[in-house]
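**Q** Below are the sequence and a predicted model; questions follow.
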Amino acid sequence: MSREVALAYTAVKKVHGKEVLKETKFSSCVRGIYIHIYLYIYKIYFSTIGSILNNAKDWDGHRLLRRKKSTTEVDEQWLNYYVDENQILRMMDENIATDSMSAHVGNENNEMFKELH
């Protein structure tokens, strides 16, 4: 666009002695290109801003606090069902011992062995 053409137009508001660029075919074409290119960027921008705002609750160390609170709630909920690693190993050892005792002594003595444990 030349200087002379630019001086003959205003963007959107009618001014004495000038035409409104918004009402021209040229403006319509430029807007179409602009919207086509930047609409995608517009969507990305607001998607990104949305993610940022949605995650604001985790700023300044609050994610760690939320995780600790969540972990505490889970720990309290499952506390009665918790079995530590040593308990599992003892149970496995007892099962192995019971199985090998059954193989060596026979089924009739197996019940007696279980009672001793």
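**A** All right, it came through fine.
**Q** counting contacts, what elements does the longest helix along the chain pack onto?
**A** Longest helix of the chain, by residue count under DSSP state H: helix 25-54. Helix 25-54 is packed against no helix or strand, with contacts defined by 3 or more C-beta pairs under 8 Å, 6 or more residues apart in numbering; DSSP states H and E. Placement of C-beta: from N, CA and C, glycine included.
**Q** Please state the mean pLDDT value computed over that helix.
**A** Averaging pLDDT along helix 25-54 yields 81.
**Q** all helices of this protein, in order?
**A** Under DSSP H, the chain gives helices at 3-7, 25-54, 62-78, 85-105, 107-116.
**Q** now residue 66: how far from residue 59?
**A** 11 Å (C-beta to C-beta, to the nearest Å).
**Q** out of those two, which sits in the more crowded spot?
**A** Neighbours per residue (other C-beta atoms under 10 Å) separate residue 66 from residue 59, with residue 66 holding more: 12 against 9.
**Q** Domain-wise, how is the chain divided?
**A** Under the assignment the TED database, the domains of the chain span 1-60, 61-99.
**Q** quick one: low-confidence parts of this protein?
**A** 70-117 (pLDDT under 70).
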